[in-house]
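Asker: attaching a predicted model along with its sequence, questions to come.
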Amino acid sequence: MVRKMQTRIKMWSAIFLVVAIMIGIAMIPQLNQYGTEVGMAAAENEFMYEKAIHILVMLLMGFGFLMMFAKKYGYTSITATFLVVALSIPLYMLIRPYLWGPSADISIANISMLLFAEFAAASLLIAIGGPLGRIKTPQYLLIGLLFTPLYAINEWVLFSGGLIPSGAFLDTAGSVMIHAFGAYFSLGMITMLTTKKERDTNVETSRTSNKFAMLGSAALWIFWPSFCSALVAVNQIPVVAINTILALCGSTLSTYVFSILIRGKIEIADIANASLAGGVAIGATVANITPGWSMLIGLLAGAISVVGYTLIQPRLQKATGGVDTCGVHNLHGMPGVLGGIAALGLVASPLWQLTGTGLSVILALGAGLVVGFIASKLGGKEAPYDDLEEFELS
Amino acid sequence: MVRKMQTRIKMWSAIFLVVAIMIGIAMIPQLNQYGTEVGMAAAENEFMYEKAIHILVMLLMGFGFLMMFAKKYGYTSITATFLVVALSIPLYMLIRPYLWGPSADISIANISMLLFAEFAAASLLIAIGGPLGRIKTPQYLLIGLLFTPLYAINEWVLFSGGLIPSGAFLDTAGSVMIHAFGAYFSLGMITMLTTKKERDTNVETSRTSNKFAMLGSAALWIFWPSFCSALVAVNQIPVVAINTILALCGSTLSTYVFSILIRGKIEIADIANASLAGGVAIGATVANITPGWSMLIGLLAGAISVVGYTLIQPRLQKATGGVDTCGVHNLHGMPGVLGGIAALGLVASPLWQLTGTGLSVILALGAGLVVGFIASKLGGKEAPYDDLEEFELS
Amino acid sequence: MVRKMQTRIKMWSAIFLVVAIMIGIAMIPQLNQYGTEVGMAAAENEFMYEKAIHILVMLLMGFGFLMMFAKKYGYTSITATFLVVALSIPLYMLIRPYLWGPSADISIANISMLLFAEFAAASLLIAIGGPLGRIKTPQYLLIGLLFTPLYAINEWVLFSGGLIPSGAFLDTAGSVMIHAFGAYFSLGMITMLTTKKERDTNVETSRTSNKFAMLGSAALWIFWPSFCSALVAVNQIPVVAINTILALCGSTLSTYVFSILIRGKIEIADIANASLAGGVAIGATVANITPGWSMLIGLLAGAISVVGYTLIQPRLQKATGGVDTCGVHNLHGMPGVLGGIAALGLVASPLWQLTGTGLSVILALGAGLVVGFIASKLGGKEAPYDDLEEFELS
């Protein structure tokens, strides 16, 4: 039995090796295809480069360590993070030109290609936060393999001008496209990826595992301004950065207040997660708003997120049967939709804004259901929230 | 009794929510007032942006994790860090224009406003290092609320030209304005915020909590060159960065040596803290000095800091009765004053340099005494250096 | 006995204090000698500055925490990291002008000087990874003191044009010069620095110590693009960054696959280390290759590294008797040589490429043997892989 499982795991890992080699080979002609002509000024490229590195901090250190709160599941959390990032970045770079056509601006000679790939990886990391702890490493990779093209399609729908008129949907830093899409994809998946036993098993945490989670949270907080300003015009960067920071200040303060008001005591998981809700919610409007409003949106987003963790999540779990391990719906789902809605007052046509937001949520839920169903066919873990099955433990 | 305490905590947290909302609302007209005209070149703004993010690493990951050395108090250390940063940055941005008048250079359309706010937050984080572990979260916020305007006033005194002639006081990276001010403010506070019981309670540490502290220390070391070069002219950045690194190299080496010479064995808390003393001490002169001298100042600062931790702190504690949990006097107080004095040979009028340094120390001590007295009225913790009272613990 | 040992430790630490002071004094005339004239444009300098800070993250947080996997040896790992970085950076800056002659481009007024010094520190950190846990802090410093000039000489041999024609040896980001040199120096040292008892003592790890190691690994992964692009022309940075990231994606994926294929289960130490092998191997060719090939080189490097950890290291240890604590030969040695060989198809004369690679390995092994012999004269530790002897433990 154990032997058979090991054979299957080895077979799956060999399959992913072949996939990775094929991605590498398929990429070889890419440079020749688009040339190395640089589509933007060197300085502009360099500014984007800095932000691309900052976003890498958010992906590997931010998400990776935030998901380490599960005491016995830390090895898998960080390994899964490494793996889905390592898969989705090259995969997205390979797919994008087929959807958008070749472009000198978004090519491997410009950092913007890398930035778009990192956004895809961020959304994927949000998506795996829901079933975290209940699936095996090949399942994380399979989800990554299926999620990346679906994300790319939704991105294309929102911004290519093919369906929604170009510029009609305001979502500068991806409140909807990155956060809400990842979160509702996750909600879709977990209805397929939660068993009765898992519903009754609590995630064990410890003082140390929660400190690692706070490290991830701090990494996300710190570099969020670069996430929001990565693609804006250079002269907009200062206001975008200040708006982002004020939104995060707002959600940090209201997280503390509502954690105490609702629970009586502070819950460290609220601080680690809901403090970031301001960054999620400000994403859509961050380049079109003033600092005072940013702080207020942040204050509201933090409050909504804590209400999500304390009051909504238990009810939602009862209703859908799916366990959302990281509470991605509270941190990325609701605040992401709030961001999309906050933009209603700033766009030419509120209808397109609502369409884009609603469409992303529906597409994400549907795609998540299908991908969750497929992933469930690979079989589940024996012991949820435990590294034991897949790792050599000393 | 517990219920009554909880009601008070809830009331206080609600008050801070109102304060935060008021700050947000008060900020709304700010953008209209100063416009979005960018006061400096885009590239210069972008270079400052990078440094602003680096300083955020120092605030949240640096100070936040350095203060996690207390084994049972890690949740509060990092939460208090998040809270005072989230409060002081918007508060400073609101206050500054009232003291200095509107300016296109220092507005929300330029990153320099954010940098000044981050410096205020850094000084505040130093200030809470003294009473750390003996006060409650509302007290950290109250201290932040009172500290921020007092810091802004001292900054105005030193650099506005109103009292000390403009340019007469040399303190490029805040040896005095940021470090010494925060540390002596802290010394003032702790004489009001230490009880007999707390004097007899030792702070428990563990191998793990000290490793988190070393992470904070590494974060501060790494990004210190950005702290020092944030506001210097672009062509001065290389020398300032190299000077800062050499000062840190010096203090790291002398910390190791003096830790062994005085104690016989290495104390990891010395390595975590005193290694950084070179960065504190070089702050005043960093743009006016050569690399060799920087290393020598760093060597001296590390030695002074270890002498502080081993020989001076116990005596000072006996004399004043105040417990300095993080030893901020050893890391930021004495090395900060050393930095102010090291500038004596480089300024036109040593008298103004001494006046600025002395005035900052006296203002800080006095203000700290008053704020400590006010904060003490909110009541103390039952068990010092323990998260138990305020956090849900798993 | 203990007293005598303490006296020796104090004497050694005092010697290193004198050395540090002498370095500081010797540096004083340096600024006067080369002036403060900036040898490159301000913007270019600033881009390099960002990379210099990123590489500092790799040095102190990356290597420092990656080496913390030894459960009982974490204090020494991070302290040794701090110390050798603090010693080698100023020492290299002092030495370099004597080898290369004064230059406006590489002076303390330009960040490139700092970058070269950081590369030396990186190679030194690789070198101490082999004997890690079996030597005392003064030995780490002594090794640093001897390694730095030897590294500088090998760098001069490879790139000054004195021996190998200028430009004939391709090693843009130091696959050979930094990684292979440090690793084979380490192999040389450990044959002199491993006792029978140490050969039979296993390094204890724990879930927590391995999580700190993963933090170091993440820090290295994230900032590796800056390591590779630090010295390339500004318009090459995008391709270099994307190539580096794809190489790391490749090695991350193949590490996972080969860890499972060879061991049956995932070993977290493989993930922490071998995932980075793509960054090592891409170093030589990173500016002359396309993204697809980068991913394939990364896939190969990850596989070789895991084979190193699982199959080669035990045999090598039996053959040479030296214990390679961090497995630097698997992460930096073989992948570094792979990088040098991968460049064969891209250089004008493959012979010079082979000469440079072979010469570096031989020089490193020889120098490592001598330095290991000298360091062994300072005496060894009582208990390997334990902080006990040198640190005050709470």
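Answerer: Looks like it came in fine.
Asker: elements contacting the helix or strand hosting A:Arg315?
Answerer: Assigned by DSSP states H and E, A:Arg315 belongs to helix A:313-320. Helix A:313-320 makes packing contacts with helix A:181-192 when contacts are defined by 3 or more C-beta pairs under 8 Å, 6 or more residues apart in numbering or on different chains; DSSP states H and E. In short, each C-beta sits where N, CA and C put it, glycine included.
Asker: same for the helix it packs on, what does it pack against?
Answerer: Using 3+ C-beta pairs under 8 Å, 6+ apart: helix A:181-192 touches helix A:111-129, helix A:137-159, helix A:313-320, helix A:328, helix A:350-376.
Asker: can you do 7 Å?
Answerer: When contacts are defined as 3 or more C-beta pairs under 7 Å, 6 or more residues apart in numbering or on different chains; DSSP states H and E, helix A:181-192 packs onto helix A:111-129, helix A:137-159, helix A:328, helix A:350-376.
Asker: rewinding a little: outside of the helix holding A:Arg315, which residues touch it?
Answerer: Applying C-beta atoms under 7 Å, 6 or more residues apart in numbering or on different chains, the external contacts of helix A:313-320 come out as A:191, A:323-324, A:327, A:329-330.
Asker: okay, these in TSV with neighbour count next?
Answerer: Putting the contacts of helix A:313-320 into TSV (neighbours: other C-beta atoms under 10 Å in any protein chain shown) gives the following:
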residue	neighbour count
A:Thr191	17
A:Val323	23
A:Asp324	25
A:Gly327	21
A:His329	27
A:Asn330	26
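Asker: with those residues in mind, which one is nearest to chain C?
Answerer: A:Gly327 (21.4 Å; C-beta to the nearest C-beta).
Asker: so what pLDDT did that closest one get?
Answerer: We have a pLDDT of 98 for A:Gly327.
Asker: mind listing the helices for the stretch 1-150 of chain A?
Answerer: For the stretch 1-150 of chain A, helices defined by DSSP state H, counting those that start in this stretch occupy the ranges A:2-34, A:42-56, A:64-66, A:74-100, A:111-129, A:137-159.
Asker: quick one: closest of the ones you listed to C:Val57.
Answerer: helix A:42-56 (9.8 Å; C-beta to C-beta).
Asker: quick revisit: ok, which of the helices and strands packed on helix A:181-192 comes nearest chain B?
Answerer: helix A:111-129 (14.0 Å).
Asker: skipping its backbone neighbours, what lies nearest A:Ile95 in space?
Answerer: Of all residues not flanking A:Ile95 in the chain, A:Ala152 sits nearest, at 5.1 Å (C-beta to C-beta, 6 or more residues apart in numbering or on different chains).
Asker: meant to ask about A:Ala42, not that
Answerer: C:Val234 (4.6 Å).
Asker: which pLDDT value belongs to the one you found?
Answerer: 90.
Asker: ok, now the one 5 residues further on?
Answerer: Per-residue confidence at C:Val239 stands at 92 (pLDDT).
Asker: swap in A:Tyr34?
Answerer: 51.
Asker: do the worst-scoring helix or strand of chain A on mean pLDDT and chain C meet at all?
Answerer: The helix or strand of chain A with the lowest confidence, counting by mean pLDDT, DSSP states H and E, is helix A:2-34 at a mean of 84. Yes: counting by C-beta under 7 Å from any C-beta of the partner chain, chain C is contacted by helix A:2-34 at A:6, A:9-10, A:13-14, A:16-17, A:20-21, A:23-25, A:27-28, A:30-31.
Asker: show me just the buried residues among those.
Answerer: Buried members of those, scored by 16 or more other C-beta atoms under 10 Å in any protein chain shown, are A:9, A:13, A:16-17, A:20-21, A:23-24, A:27, A:30-31.
Asker: would you format the residues you listed as CSV with distance to chain B included?
Answerer: What follows is those, written out as CSV (distance: C-beta to the nearest C-beta, whole Å):
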residue, distance to chain B
A:Ile9, 31
A:Ser13, 32
A:Phe16, 32
A:Leu17, 34
A:Ala20, 32
A:Ile21, 37
A:Ile23, 32
A:Gly24, 32
A:Met27, 30
A:Gln30, 29
A:Leu31, 28
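Asker: adding distance to B:Ala109, write those residues out as CSV.
Answerer: Output for those, formatted as CSV (distance: C-beta to C-beta, whole Å):
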residue, distance to B:Ala109
A:Ile9, 55
A:Ser13, 52
A:Phe16, 48
A:Leu17, 51
A:Ala20, 45
A:Ile21, 49
A:Ile23, 43
A:Gly24, 45
A:Met27, 41
A:Gln30, 39
A:Leu31, 39
